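I would like to see how this sequence folds:
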Amino acid sequence: MALIRENSAGYLTNWAARLFTRELERQLAPTGIAPAYMPVLFALSDGSTLTQKALARRAAVEQPTMAATLNRMQRDGMITRRPDPADRRCALVTLTPLALGQIDAVERVVSAINTLALEQLAPGEREQFLGLLRRVIGVLEAQDTA
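Have a look, this model is predicted:
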């Protein structure tokens with residue numbers, strides 16, 4: 001039995017993700033926002049403050065990956081960290097005014113890329129596609145926690 005990438009949901013999903021990331025890199029370059037920052041931006045763009053652990057959980061990434069991302073974001077002036085008054089071992093993470101000032105531009109870029117990627121689908125197909133992706137993610141997340 002030969003592996004056929006065009007019949008592999010995992011391969012096609014990964015391929016699409018890489019293409020989305022490439023387009024995000026290209027279009028976000030003028031803002032100074034890296035695609036790797038997106039999970040943190042999604043989690044904190046409402047002005048909230050979370051611990052690194054809570055951010056990693058919300059973004060579904062490993063703690064070391066989140067730590068490296070936050071280090072880069074702090075270097076780039078996108079986040080601040082301050083000690084958690086409830087637990088001095090933890091830091092509270094907040095987006096800086098610089099990062100918050102880029103949210104509208106990031107939203108425009110993300111919207112444009114999503115529109116481009118889905119433009120060949122009818123509105124009902126878009127809803128169905130996103131619903132199916134959510135179901136696949138739900139199955140795999142349940143497996144991950146089992």
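
the strand of greatest length in the chain pairs with which strands?
When the chain is parsed with DSSP state E, its longest strand is strand 87-95. Sheet pairing here is set by DSSP bridges, and for strand 87-95 it gives strand 50-51 (antiparallel), strand 79-84 (antiparallel).

deepest-packed of those, please.
Mean neighbours per residue, mean count of other Cβ atoms under 10 Å, is largest over those for strand 50-51, with a mean of 17. The C-beta positions use only the backbone N, C-alpha and C, and glycine is treated the same way.

pLDDT below threshold where in the chain?
Scanning the chain for pLDDT under 70 picks out the ranges 1.

looking at it, which helix is longest?
Counting residues, the longest helix found in the chain (DSSP state H) is helix 123-145.

export that helix to CSV, keeping only CA atoms.
Extracted as CSV, the C-alpha positions of helix 123-145 are listed here (Å, rounded to 0.1, in the frame of the first residue of the first chain):
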residue,chain,number,x,y,z
PRO,A,123,-21.2,30.2,1.6
GLY,A,124,-22.8,26.9,2.8
GLU,A,125,-19.7,25.0,1.9
ARG,A,126,-17.6,27.4,4.0
GLU,A,127,-19.8,26.9,7.0
GLN,A,128,-19.7,23.1,6.4
PHE,A,129,-15.9,23.1,5.9
LEU,A,130,-15.3,25.0,9.2
GLY,A,131,-17.8,22.9,11.0
LEU,A,132,-16.1,19.7,9.8
LEU,A,133,-12.7,21.1,10.8
ARG,A,134,-14.0,21.8,14.3
ARG,A,135,-15.3,18.3,14.6
VAL,A,136,-12.0,16.8,13.5
ILE,A,137,-10.2,19.1,16.0
GLY,A,138,-12.6,18.0,18.7
VAL,A,139,-11.9,14.3,18.0
LEU,A,140,-8.1,14.8,18.0
GLU,A,141,-8.2,17.0,21.2
ALA,A,142,-10.2,14.3,23.0
GLN,A,143,-7.6,11.7,21.9
ASP,A,144,-4.8,14.0,23.1
THR,A,145,-6.3,14.2,26.6
